[in-house]
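Engineer: make a model of this:
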Amino acid sequence: MSDSFVKIENLARRHPAPKEGAPLVVFERVNFSMSKGEFVCIIGHSGCGKSTVLSMVAGLSDPDPAAGQAGAKKCQACHDLTEASTNKTGPGLYDVVERVMGNHPGFAYSDAMMTHHAAGDTWTYENLDHFLTSPKTFMPGTKMTFAGLPKPEDRANVIAYLESLGG
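Structural biologist: Now for the predicted structure:
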């Protein structure tokens, strides 16, 4: 295996049940290889309506929500990240992770976004990662004019920050 690959073996992580009787999320014996800089998400439902994620960026430590908050300042030019989650040029992004795409009340979405909405697509970590890489590539016809975040670690940090917002 070359230096350009990271091999992760025997990875295990447990998350406590969010409420009595809900299942534990357990990841055991995950084996895979990936290129440096590739963003990987392993998602398991925690029983509380949200997903618990174990996200890694090859060659980096865990994503950092504090760094993501700094990176998300770019988002705040067009999006409200507070609990008020009001619409601006773009829809409010508070509690966006795992939300159905095109589902923020009162925002006039593009036809492209409404196609995803009609399909029931959600803002999973994978979808957020692809969208934040290049919104117009992920969703041709989107109203979003932001060029994207080319660095995987920046995207991972912003997604970790967005995950920290909301319930």
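Engineer: contacts, neighbours, all on C-alpha from now
Structural biologist: Fine.
Engineer: in this protein, where's the longest helix?
Structural biologist: Ranked by number of residues, the top helix in the chain under DSSP state H is helix 152-164.
Engineer: and that helix, average pLDDT?
Structural biologist: For helix 152-164, mean pLDDT is 90.
Engineer: what packs against it?
Structural biologist: Applying 3 or more Cα pairs under 8 Å, 6 or more residues apart in numbering; DSSP states H and E, one finds that helix 152-164 contacts strand 39-45, strand 51-57, helix 65-71, helix 125-133.
Engineer: and those, which one averages the lowest pLDDT?
Structural biologist: Comparing mean pLDDT over the helices and strands packed on helix 152-164, the weakest stretch is strand 51-57, at a mean of 36.
Engineer: where does this protein dip in pLDDT?
Structural biologist: In the predicted model of the chain, residues 1-61, 167 satisfy pLDDT under 70.
Engineer: could you redo the last one with a cut-off of 80?
Structural biologist: 1-62, 167 (pLDDT under 80).
Engineer: between helix 125-133 and the longest helix of the chain, find me the angle.
Structural biologist: Interaxial angle of helix 152-164 relative to helix 125-133 (axes from the mean of the first three to the mean of the last three Cα atoms, to 10 degrees): 120 degrees.
Engineer: any idea how far the residue nearest to E83 when sequence neighbours are not counted is from A67?
Structural biologist: Distances taken as Cα to Cα, 6 or more residues apart in numbering place Y94 nearest to E83, at 5.8 Å, with adjacent residues excluded. Y94 sits at a distance of 17 Å from A67 (criterion: Cα to Cα, to the nearest Å).
Engineer: same thing with S134?
Structural biologist: Here the distance between S134 and A67 works out to 20 Å (Cα to Cα).
Engineer: repeat for K73
Structural biologist: Taking Cα to Cα, one finds K73 at 10 Å from A67.
Engineer: quick one, which of these two is more surrounded?
Structural biologist: A67 (16 against 13; other Cα atoms under 10 Å).
Engineer: hmm, the more buried one is touching A160, no?
Structural biologist: No - with contact defined as Cα atoms under 8 Å, A67 does not count as touching A160 (9.0 Å).
Engineer: about what we covered before: ok, the residue nearest to E83 - contacts?
Structural biologist: 80-85, 162, 165-166 (Cα atoms under 8 Å, 6 or more residues apart in numbering).
Engineer: noted, bye for now.
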